[in-house]
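Participant: The amino acid sequence is not available; the structure is as follows:
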């Protein structure tokens, strides 16, 4: 059972928009810690997609956007492309654990 | 450019030990906290351990506390994970990752490719 809760899977057709939710608690999001999102393809290094709730690292398309409110956060992917098919993870810091925590991961399937 | 390269993975028997290394380059190592993260087969990412930029503070996931030790050599830009009393459930790909700050409370901005640890008799 992950500290951060994500749906196991989401799917969408090319060109559509999908969102992935991430639910935390009072010891992480509610304590003011930011949410960060990663894209992970099997056999590769995870890639930072969104940092500090809504910021994109250089090179990440603006089709990817993030938001956080209270103890919930979400990642939105607009204009879905086949190359977006991957696993997506949210991550934060948890004060009660004195360490980082990940969501269980969401597998995005592009239909 | 920033590079992180893990090494030291392999097959070890239950109860055995292994030491992972992460060789870094392309950035000022001693101003960033560093993490180890793992992914067991068919599972998601799991944070394992954190060490502050000067190595003064270390934090561990409950699943490895008392068995694993994270350390760093700021003179040689290397990160380590000493793993003792290994169990089957420690079987995973282990990634080293750079924190974007000095105390590891934010994101992981660079990752290595990972090294596979298999605990099996």
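Facilitator: Cool, the structure landed. Because the structure is a prediction, the values reported are computed rather than measured. Numbers count the residues shown, from 1 in each chain, chains lettered A, B, ... in the order given.

Participant: what residues are up against residue A:103?
Facilitator: A:2, A:4, A:5, A:6, A:22, A:89, A:90, A:91, B:44 (C-beta atoms under 8 Å, 6 or more residues apart in numbering or on different chains). C-beta coordinates here come from the backbone N, C-alpha and C atoms, glycine included.

Participant: Tabulate those residues (JSON lines), appending distance to residue B:118.
Facilitator: Compiled in JSON lines, the contacts of residue A:103 are given as follows (distance: C-beta to C-beta, whole Å):
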{"residue": "A:2", "distance to residue B:118": "24"}
{"residue": "A:4", "distance to residue B:118": "28"}
{"residue": "A:5", "distance to residue B:118": "30"}
{"residue": "A:6", "distance to residue B:118": "27"}
{"residue": "A:22", "distance to residue B:118": "31"}
{"residue": "A:89", "distance to residue B:118": "23"}
{"residue": "A:90", "distance to residue B:118": "28"}
{"residue": "A:91", "distance to residue B:118": "26"}
{"residue": "B:44", "distance to residue B:118": "19"}
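
Participant: Spatially, which residue comes closest to residue 34, not counting chain neighbours?
Facilitator: No chain in the question, so chain A it is. What sits nearest to residue A:34 in space, not counting adjacent residues and going by C-beta to C-beta, 6 or more residues apart in numbering or on different chains, is residue A:52, at 4.6 Å.

Participant: meant chain B, my bad for not saying
Facilitator: Leaving out its chain neighbours, the residue that sits closest to residue B:34 by C-beta to C-beta, 6+ apart is residue B:79, at 4.8 Å.

Participant: pull the longest strand from chain A.
Facilitator: Counting residues, the longest strand in chain A under DSSP state E turns out to be strand A:86-94.

Participant: Let's have the contacts of residue A:103 in a markdown table, adding pLDDT and neighbour count.
Facilitator: Formatted as a markdown table, those follow (pLDDT from 0 to 100; neighbours: other C-beta atoms under 10 Å in any protein chain shown):
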| residue | pLDDT | neighbour count |
| --- | --- | --- |
| A:2 | 84 | 16 |
| A:4 | 96 | 23 |
| A:5 | 97 | 15 |
| A:6 | 97 | 24 |
| A:22 | 98 | 29 |
| A:89 | 98 | 27 |
| A:90 | 98 | 32 |
| A:91 | 98 | 26 |
| B:44 | 96 | 17 |
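
Participant: beta partners of residue A:103?
Facilitator: Residue A:103 forms beta bridges with residue A:4, as assigned by DSSP bridges.

Participant: so residue B:49 touches residue B:62, yeah?
Facilitator: No: applying C-beta atoms under 8 Å, one finds residue B:49 not in contact with residue B:62, separated by 11.4 Å.

Participant: just checking, what packs against the strand or helix carrying residue A:66?
Facilitator: Taking DSSP states H and E as the definition, one finds residue A:66 inside strand A:64-69. Judged by 3 or more C-beta pairs under 8 Å, 6 or more residues apart in numbering or on different chains; DSSP states H and E, strand A:64-69 is in contact with strand A:47-50, strand A:72-77.

Participant: Quickly find the element holding the most centrally placed residue in chain B.
Facilitator: Nearest residue to the geometric centre of chain B (C-alpha atoms, centre = their mean): residue B:36, 2.7 Å. Element membership for residue B:36, per DSSP H and E: strand B:34-39.
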